[in-house]
Every structure is written in structure tokens, then in C-alpha cells.
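A.B. asks: With the sequence up front, the predicted model follows.
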Amino acid sequence: MEPTIKSPLPGTFYRRPDPQSEPYVQEGDTVEPGDVVGLVEIMKTFHEIHSDAAGRIARFLVENSALVDAGQDIIALESD
Amino acid sequence: MQKVLVANRGEIAVRVIRACRELGIASVAVYSAADENALHVQHADEAVCVGPPHARESYLNMEAILTAARQTGVHAVHPGYGFLAENASFAAACRDEGLVWVGPSPEAIEAMGDKARARQLAGRAGAPTIPGTDGTVSPEQATEVAEAIGYPVLIKAAAGGGGRGIRAARDEAELAGLVAQAAAEAEAAFGDSSVYLEKLLVDARHVEVQVLGDAHGNLIHLFERECSLQRRRQKLLEESPSPALDSQTRTAMTDAALRIARAAGYENAGTIEFLLDGDGAFYFIEMNTRIQVEHPVTELVTGVDLVKEQLRVAAGETLSVAQHEVELEGVAIEVRINAEDPERSFMPSPGEITGLSLPGGPGVRVDTAAFAGYHVPPFYDSLVAKLICWGSGRDEALARTQRALEEFVVEGIHTTIPFHLELLADPSVRAGDYHVEFLERRTAASGRIAT
């Protein structure tokens, strides 16, 4: 099974730090452990989603501004 | 006024609906798709869905709420706190629809919502404001101005925001360099290097005065609330009276609050916030033009039902109490029970409340919209319940709050109950000896707060 990056919290998933900015990461980008790959908005607060693995982003498994559950897979990774 | 739409959710919607019920007024709840089974929906006489879970599409959706008001034929709108409560355009839109707004006029909301205008109004009303420059200062003027204000001073970017361009200078030796730094940072961040100076109040307390006004020229205060125990500008514990006010300062502060409210032509419930320094000097900071989260603290020490007074005044009646009838009796303490994990940097903790057991007995009040089986949604603020306890003195109020927290059981989610139990055991809190930086410093010192 391919590795994934999960949301630590339930809430609304965003790919950008704010609507005017570029997305944190795109498909094809490589990430290192600790890299920020998205935001979850929950109870009027924002929390960063960090990658816990190294790899290349294969695809996003949820749309921008979709509702996610805690532990839900957000991004599929291809390990190098 | 026979029918009121409550444009809010959670405990405050329930609070307003209860007041309506007791006054024989029919209530209409509005709710988002996430709140279909919420308590305010169950308690209201009617309920209308106003949109999807996200607040901007439901509780902040003015058009949907006005449509619900038209459909249900209400006479008035109560906004609660948060959401649209301090939105002057929404208040004006309600008025244009022929609806009574249960709150101050749109003009008063707007005047007091603009910090600079509010400060000027307070100054003209003879209330003390934080000493500072009215306009920007040049580096050459700074020394003289800082001398006049008194050190320490804050140097702030005129175009500021987000804390950028802010420096604190302790004395003249530091001032010039810091003014230059702040100006450079302001230029880089905002494209405008102008700065102004303001007195830095060290270890100040946040004390606020509740006021109520009607359309007949009656304006009263209901004493103060002490709200210094805050984390990231979120109040966690409030009490009345303030342990820091002597009767002379209390009189001066409530007089100042009344002068400000009168100058604003204020009707309905409002709160005037002050910073109180260690020497007993106080300064106006801002006015909140709505009912506040912590209003029950005032209700328990004065016996006045603030929400009912709001409804009465909005209907054109006079206040039911005169100033000389308002007495402060005993001590009330409120703690906010939030769906947050105090062990993990107050991380939000939404989810299903699988078990709930509320405290009771003498002097205990719980305002909540939670029940066993209720799912705390991730979309709104984390307040789950307010526990408000009254005691004949502060010791009794503290002991009762502790006892009630020990009885309070919330299962399935994390809450701030353990944090409050710790806080109540803190010698400084027990002594009433704390200020607005107290919680931040305390958590920093214990190393518990990571972010």
C-alpha cells in the first residue's frame, strides 16, 4: 500500500496558507518529514498538516476546502 | 414584540430562547446543516435551516437569515454574541426590513466598532484613554513625547497589524534605536514608516463595566467584571466584583463608563472595557456593543436578567430597574468549559459527548447547549458550557466553583475542566492577584504549552 499523509484533526482542509497564496505543495513535489502540506481549520483555529515521511506527492485524496476526519488520508505519496 | 428570531447557535441561542419563553415571546431558531439536532433548535418554537455548516454560509449569511425572518413573520432579531452581533450593516438591514434589532443602533455599533473613533469619543466624554500620541511622531519628537507619556512606551506602526512594527522601550537610552527599528520594519511590512507612541501598561488588569440603556433616556451600570485571566486574548475565567477595585476606583470607573455610553447615545446592553494598572489608574480600551459571553457573572451578583432587559428595551419599554436599585451582592465566578485539550496546547477536541453529568446544588448555574449524545461540531467556537457559581464571599465562590468542577463530567471529548481545577488551586488566583499576562507567563513557565 502506498504511504499517505493524514490529517491530525477533523475540520476543513485547505491547500493554501491563505486564499491569496500559492498552495503549500503540488502533485509531483517532493516532501521531507516535517514539511507543511496543508491546513485544517477547526473551531476557528488553523492547524498545519505536516508530512511524516519523505517522498513525492502522487496525488491529493481530498479537494481543497473539503471536510476531513481525524486520521483521514489527505495525500498519497510515492516513496523514492 | 411577540416573536423573535435568534440569529445564533449554542448556549447563547438557548439562553435567549429561554428568556423569550419566560416573557411569553415566541422564538425562531436558525441553524446550519451541522446543527439540525442542536438544543437551540429543539427549544425554539420554530426553526429554519439557513445553510451549510460553514458559518459564512449560514450564521453569517445575512440574506438567508433575513429570508428566515420574513418567512416566519418575526418582529425582532436577537443576534447573541459573535457572528453578526456587531455587524452594523446587518443591524441596519434588519431595521430596513422593519425588524427590531435587539441591541444598539447601527450608528452606535459603527461608532464604537472603530477603535480610533471610540477612543476620541471616550476622550471627549472625559474618560481616560491610554496616554499616547494622537498622530504619528518623528524620531526627533519621540524623546520629548515619550518623556511626557512616561516610560515604558510602546512604539507602534500606524499602518500596523499582526504585531509587526511594535517595540517596547524601557527608557530614553533605548528609545531612538527602537523607533528607527520599528519605522524600518513598518516601512518593509506596510510601505509606511510612520509610528506612534503609546504608554505600555505593565501587569495591567482587564476590567469591564456592564451598562444598560433604554429609549427613554435611562442609562445604568451593573458594576464590573474582572476578565484578566486570558489565553491568547480568549477569556477563561471571569469574576465580579473585581478583586482589584476599591470602592473609590469602582465609582470612578462606572461613572466613566456611563459618560462614554451616554456620549455614544447608547441603548440596550453594552460593555465598556478598561485596562487597570497597578496604581489604580484605568484607561478606556473599547466598547462591546452586544451581550457578552460572561454576562451571567453580572446577573448572579445583581439579580438583573440582562437578556430580558435587552428584550424589554428593544420593545420600547423602560428598564425594569433604576440605578439606585442595582446592588452588588456576593461574588460570582464563571469558568469557560471549552472542547480543548489543555494537555496538548489547548488543541480543539470536537466530537461526540458520550456522557454528561452537570453539577448542581446551591449557587450553581450551568449555561450550555450540550447533552449526552451531542456531537460538538468542528465548525464553530469551542465553548461547550459556562459554569457560573455564586458565593456570599469570594472564598465561598471559589470553593463552590471547585466543588462544581469536580462534579462536572464530560465524556468523549477533552475539556478545559482539569485546567480550571489547577487554576483554582493557584495561590495567585486564590488571592485575586493576577493580570492579563498571568496565564501566558504561567503556562510558559510550566513548559506545558508548546505552540
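C.D. replies: Perfect, thanks for sending it. Everything numeric here is computed off the predicted structure, so don't read it as measured data.
A.B. asks: Name the residues that touch the strand or helix carrying B:Leu237?
C.D. replies: Element membership of B:Leu237 [criterion: DSSP states H and E] is strand B:234-240. For strand B:234-240, contacts defined as CB atoms under 8 Å, 6 or more residues apart in numbering or on different chains pick out B:206, B:223-227, B:229-230, B:293-294, B:297-298, B:300-301, B:328, B:331-336, B:394, B:397, B:416, B:419-420, B:423, B:429, B:439. Quick note: C-beta positions are derived from backbone N, CA and C, even for glycine.
A.B. asks: Which members of the residues you listed are positioned in strands?
C.D. replies: Counting by DSSP state E, the part of those found in strands is B:206, B:223-227, B:229-230, B:331-336.
A.B. asks: Give me the lowest-pLDDT entry from those.
C.D. replies: Sorting the ones in strands among the contacts of strand B:234-240 by pLDDT puts B:Gln230 at the bottom of the list (93).
A.B. asks: Could you check how far that one is from B:Arg56?
C.D. replies: Relative to B:Arg56, B:Gln230 is positioned 26 Å away (CB to CB, to the nearest Å).
A.B. asks: and those two? which has more neighbours close in?
C.D. replies: B:Gln230 (18 against 9; other CB atoms under 10 Å in any protein chain shown).
A.B. asks: In contact with B:Ala91, which residues?
C.D. replies: B:Ala91 touches B:Pro79, B:Trp101, B:Gly103, B:Pro104, B:Ser105, B:Pro106, B:Ile109, counting by CB under 8 Å, 6+ apart.
A.B. asks: no no, B:Ser194
C.D. replies: Contact analysis of B:Ser194 by CB under 8 Å, 6+ apart lists B:Thr136, B:Ala157, B:Ala158, B:Ala159, B:Ala183, B:Ala186.
A.B. asks: Excluding chain neighbours, give the residue nearest to the fourth one in space.
C.D. replies: Nearest-residue entry for B:Ala159: B:Phe190, 3.7 Å, with adjacent residues in sequence omitted and distances by CB to CB, 6 or more residues apart in numbering or on different chains.
A.B. asks: what helix or strand is B:Ala127 on?
C.D. replies: Short version, using DSSP H and E: B:Ala127 is in no helix or strand.
A.B. asks: My read is that B:Ala244 contacts B:Arg205, right?
C.D. replies: Yes. Counting by CB atoms under 8 Å, B:Arg205 is a contact partner of B:Ala244 at 5.4 Å.
A.B. asks: Quick check: neighbours shared by the two?
C.D. replies: By CB under 8 Å, 6+ apart, the residues touching both B:Ala244 and B:Arg205 are B:Glu226, B:Leu276.
A.B. asks: Low-confidence regions, the chain specifically.
C.D. replies: Since no chain was named, I'll use chain A. The model of chain A has pLDDT under 70 over residues A:1, A:80.
A.B. asks: try again with chain B
C.D. replies: B:160-165, B:446-451.
A.B. asks: tell me which parts of it are close to chain A?
C.D. replies: B:53-54, B:339-340, B:347-348, B:350-351, B:378-382 (CB under 8 Å from any CB of the partner chain).
A.B. asks: From A:Phe13, how far out is whatever residue of chain A ends up closest to chain B?
C.D. replies: Closest residue of chain A to chain B, CB to the nearest CB: A:Met43 (4.1 Å). Separation of A:Met43 from A:Phe13 (CB to CB): 15 Å.
A.B. asks: Let me know the closest of the contacts of B:Ser194 to chain A.
C.D. replies: B:Ala159 (18.2 Å).
A.B. asks: secondary structure element for that closest one?
C.D. replies: Going by DSSP H and E, B:Ala159 is not in any helix or strand.
A.B. asks: got the contact list for it?
C.D. replies: B:Gly165, B:Ala186, B:Ala189, B:Phe190, B:Gly191, B:Asp192, B:Ser194.
A.B. asks: Not counting its neighbours along the chain, what's nearest the fifth one?
C.D. replies: If you skip the residues right next to it in sequence, B:Gly191 has B:Ala159 as its closest partner in space, 7.6 Å away by CB to CB, 6+ apart.
A.B. asks: Tell me who's in contact with residue 71.
C.D. replies: Going with chain A. Per CB under 8 Å, 6+ apart, neighbours of A:Gly71: A:Lys6, A:Ser7, A:Pro8.
A.B. asks: actually it's chain B I care about, not the one you picked
C.D. replies: B:Val48.
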